[in-house]
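K.L.:
Sharing a sequence plus its predicted fold:
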Amino acid sequence: MPHASTIDGTRIAYQVRGEGQPLVLLAGQSNNHTWWDPILSDFEGYRLITLDWRGTGESDKPDEVYSTRGFADDVVAVLDDLGLDSAHVYGTSMGGRVAQWLAINHPERVNALVLGCTSPGAAHGYERSQEIRKALADPARTDRVLLELMYTPAWIAQNPGPYYVLGDTSMPSYAKGRHLVASNKHDAWDGLPKITAPTLILHGSDDIFSPAANAQLLADRIPGARAELIAGARHAYFHEFRSVASPAVLSFLRTEDRA
């Protein structure tokens, strides 16, 4: 598996599949590239680039401060290693937070931007309730609570797993803590109006993990951005509702490819 070296010497594992225009897929907090495995086939015709965040998968796991801004620099290191000047970027959950910084700080590297089930950060965004936070903090309930935040009960009943969005079980505990702090401290509010990439924002209408109201909030803040809610979907809209979400992303990207 190839690795890119960052400015601080951390090695970031990445994966490349397919041919065509490059599309970088950024996973959620405490997850590695397998987050995207169930839907990679939806994006045939693109050169798909995924990566393992520092602290996850086959990437290095330094016990030091992580940040969403720093994760964006790690993505740049991957693009550099591949010799790519720019790419489309699709980030979900914490990956959407990282994608915001990528588009703010490295505008020349982002051709088109898709932000999924994400927010501008706690300072200005809509946050999950204290009840949800307490439930997720209970080790005996965490996986079940998280699963029900990701998917509808009907989908869970019909799909016994494996599930790809519940976290990288190989992560050391300190890295999980570093990821949590990085996501919680995200605040890109002041930079969002500087985004120049065409931007599509997707969100499940029934998402209470990252409340759906964040979608329009981001759209109002990013010049020219458009928000779409996927009816009935929870946080993992991109998986359970792939028949709606993936075509929406593809239609947007193909429009930008023709521009």
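P.N.:
Cool, got the structure. Keep in mind it's a predicted model, so treat the numbers as computed, not measured.
K.L.:
Next up, the contacts around Pro38.
P.N.:
Tyr164, His239, Arg242 (Cβ atoms under 8 Å, 6 or more residues apart in numbering). The way it works is simple: take the backbone N, C-alpha and C, and place the C-beta from them, glycine included.
K.L.:
can you check Glu256 too?
P.N.:
Glu256 neighbours (Cβ under 8 Å, 6+ apart): His88, Asn111, Ala112, Pro198.
K.L.:
Considering the contacts of Pro38, which is situated nearest to Phe71?
P.N.:
Tyr164 (19.3 Å; Cβ to Cβ).
K.L.:
Doesn't the closest one lie inside a strand?
P.N.:
No. Using DSSP: H, G, I helix; E, B strand; the rest coil, the assignment for Tyr164 is coil, not a strand.
K.L.:
Surely it is in contact with Ile39?
P.N.:
No. Assessed by Cβ atoms under 8 Å, Tyr164 is found out of contact with Ile39, at 9.4 Å.
K.L.:
The two: which is more packed in?
P.N.:
Remark: of Tyr164 and Ile39, Tyr164 carries more neighbours, 19 against 16, as counted by other Cβ atoms under 10 Å.
K.L.:
any idea how far Leu202 is from that one?
P.N.:
18 Å (Cβ to Cβ, to the nearest Å).
K.L.:
Does the most far-flung residue of the chain relative to its centre belong to a helix, a strand or coil?
P.N.:
Largest separation from the mean C-alpha position in the chain: Ala140, at 26.2 Å (Cα atoms, centre = their mean). Assigned with three-state DSSP, Ala140 falls in the coil class.
K.L.:
Which pLDDT value goes with it?
P.N.:
pLDDT, Ala140: 78.
K.L.:
Quick check: chain neighbours aside, which residue is closest to Gly45?
P.N.:
Spatial nearest neighbour of Gly45, chain neighbours left out: Gly20 (5.0 Å); criterion: Cβ to Cβ, 6 or more residues apart in numbering.
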